[in-house]
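[1] 3D model of this:
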Amino acid sequence: MRLAILLAVLALILVPAYLSVEADLRRADASLAAGDYASAAVDYEHAARLYFWRGELWEQAGRAAYAGGDRAEAIRLFERAPVLSIEAWTELGDAYFRESRVDEAIDAYQRGLARAGSAPSLYRGLVLAYNNKGDLASESVALINYLAFETDDAAARYRLGLVLTFDNPERALAELAAAAGQNADFDPAFQTMRTTLNLSLLEPDEARRLVVVGRGLGLVQEWSLAQIAFQRAVEADGKNAEAWAWVGEANQHLGQDGRAELERAEALAPFNANVRALFGLYWKRAEEYERAQAEFQWAVILEPNNPYWQAALAEIYALTGDLPTALAAYQYAAELAPTEAGLWRSLALFCATNSYQTAEVGLNAAHQVVTLLPDDPASYDLLGWLYLTSGLYPEAETALTRAIEMDPNLASAHLHLALLHIQRDHWEAARRELVLARDLDPTGETGAYAAQLLEQYFP
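    Take a look at the predicted model:
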């Protein structure tokens, strides 16, 4: 009799609780399906507290909160769960990471690997976290583990190659080559880094080797890594002036000043042309053109046959409005290296942008660019622009049409063709080309200028 009474009492207690939990779960599932993640998280948590033996409900609550963007709540719920799946460990680590709690994110990813097993999502999280901390050694290990799963991730393979450039150039080259083979977009950077690393291997001095590596990383716009290379170089040899100068250059690219490092470099080696040129770049960016001119003049005196110092000095002359002297310096730079298309391009651009000596000098320079780079649509665009500024409209149309045939998405060619149509009073054709130029380069200078012309001529 007493047992029956006890069972009846238990039933009165447990049945409503059971029905309540089942109702919670039904509401949670419905809220989850409807995208009401906050309500789903609340109901799953309530069910988890009553069904204490069902630890997976804590994970479901945490994943609902994470899906709803409430990272702090997701962390609290996940950390209550006795067991988590790989997906949940990944989301827990991501939640910590997005909350800028990087060390805790790393701990979560590592706990996930230890308790749930290896998974690419966990290694990918570690890659991002170690990258955030600047821990290259740990990042490279995480990348290697990640790529064991995701062998076709060219971007990750490229990153691994870059990270390995400091200490393992042979493996770095292999990874960069594989990335380029998987995605042709990485091929230009691979070619640059292949040359860089081969040159670095010829350097017996560690500081100079690291400077070469850093310069290559800068050429492929990996300035954070370049800064590390240059910093390691000054640690290896504190009297290496070029290393100090390149630290200053890298700092500028990363939003820092860099002047102190450049001053230290110049104090160490006042007659080093590279140091002087890098300080010249600093003053040019600061729009202190007289100081920039003085530095580049020093570089030219120290290395009179270096065409790049001549071109840099020419740019300063142009910025200060001394066009005749700038033209002479650009011409001399091109004469010093007649097979360097970039120097002829600089000369042609100077003439075009300043409407100065376009027919007399600029057109020949543009033709030299086309001769040296006949497969580059930008070469024909430049030639068309010079024809346009020289008043040779039929020739301009032929060159610009050729550029667009080679690359229909070349915004600058559409802009120059629009300017040609404006000169000819072909207004509908001009409007069409301006719209194309604007839409093809929505955030660049070409697109901005096209938008300005659209407002001016087609309000």
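
[2] So residue 402 is in contact with residue 378, correct?
    No. At 11.5 Å, residue 402 does not count as touching residue 378 under the criterion of C-beta atoms under 8 Å. Quick note: C-beta positions are derived from backbone N, CA and C, even for glycine.

[3] Quick one: the helices in the stretch 151-300 of the chain, in order.
    154-163, 169-182, 187-200, 206-219, 223-236, 241-253, 259-268, 273-285, 289-302 (DSSP state H, counting those that start in this stretch).

[4] Any chance of a markdown table for those, columns mean neighbour count?
    Shown next, in a markdown table, are the helices of the stretch 151-300 of the chain (neighbours: other C-beta atoms under 10 Å):
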| stretch | mean neighbour count |
| --- | --- |
| helix 154-163 | 22 |
| helix 169-182 | 19 |
| helix 187-200 | 18 |
| helix 206-219 | 22 |
| helix 223-236 | 21 |
| helix 241-253 | 24 |
| helix 259-268 | 19 |
| helix 273-285 | 22 |
| helix 289-302 | 19 |
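
[5] For those, give me CSV that also has distance to residue 87.
    Output for the helices of the stretch 151-300 of the chain, formatted as CSV (distance: least, C-beta to C-beta, whole Å):
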stretch, distance to residue 87
helix 154-163, 20
helix 169-182, 27
helix 187-200, 34
helix 206-219, 36
helix 223-236, 31
helix 241-253, 38
helix 259-268, 46
helix 273-285, 47
helix 289-302, 55
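
[6] Compare those helices and report which one is nearest to residue 330.
    Residue 330 lies closest, by C-beta to C-beta, to one member of these: helix 289-302, at 13.1 Å.

[7] what does the model give residue 178 for pLDDT?
    pLDDT recorded at residue 178 is 97.

[8] Look up the closest residue to it, ignoring the ones flanking it.
    residue 157 (5.4 Å; C-beta to C-beta, 6 or more residues apart in numbering).

[9] Residue 156 and residue 149 touch, don't they?
    No. Using C-beta under 8 Å, residue 156 is not in contact with residue 149, being 10.2 Å away.

[10] Overlap of the contact sets of the two?
    Common contacts of residue 156 and residue 149 (C-beta atoms under 8 Å, 6 or more residues apart in numbering): none found.

[11] quick one: low-confidence ranges for this protein?
    1-24, 28 (pLDDT under 70).

[12] again, 50 this time
    Applying pLDDT under 50 to the chain picks out residues 4, 6-19.

[13] tell me, how many neighbours does residue 97 end up with?
    20 (other C-beta atoms under 10 Å).

[14] give the contact list for it.
    Counted by C-beta under 8 Å, 6+ apart, residue 97 has contacts 105, 125, 128-129, 132.

[15] Likewise for residue 291?
    Applying C-beta under 8 Å, 6+ apart, the residues contacting residue 291 are residue 283.

[16] that older thread, from the contacts of residue 97, which two are the most distant?
    Among these, 125 and 132 lie farthest apart (C-beta to C-beta), at 10.7 Å.

[17] between the two, who's got more neighbours?
    Neighbour count, other C-beta under 10 Å: between residue 125 and residue 132, residue 125 has more, with 28 against 14.

[18] so who does residue 357 touch?
    Neighbour list for residue 357: 327, 351 [criterion: C-beta under 8 Å, 6+ apart].

[19] For residue 220, give me phi and psi.
    Torsion angles at residue 220 (phi, psi; degrees, to the nearest 10) stand at phi -100, psi 20.

[20] wait, what's in contact with it?
    Residue 220 sits next to 162, 188-189, 192-193 when contact means C-beta under 8 Å, 6+ apart.

[21] if we can go back for a sec, with secondary structure and distance to residue 27 as new columns, can the contacts of residue 97 be given to me in a markdown table?
    As requested, those are exported to a markdown table (DSSP: H, G, I helix; E, B strand; the rest coil; distance: C-beta to C-beta, whole Å):
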| residue | secondary structure | distance to residue 27 |
| --- | --- | --- |
| 105 | helix | 32 |
| 125 | helix | 32 |
| 128 | helix | 35 |
| 129 | helix | 36 |
| 132 | helix | 38 |
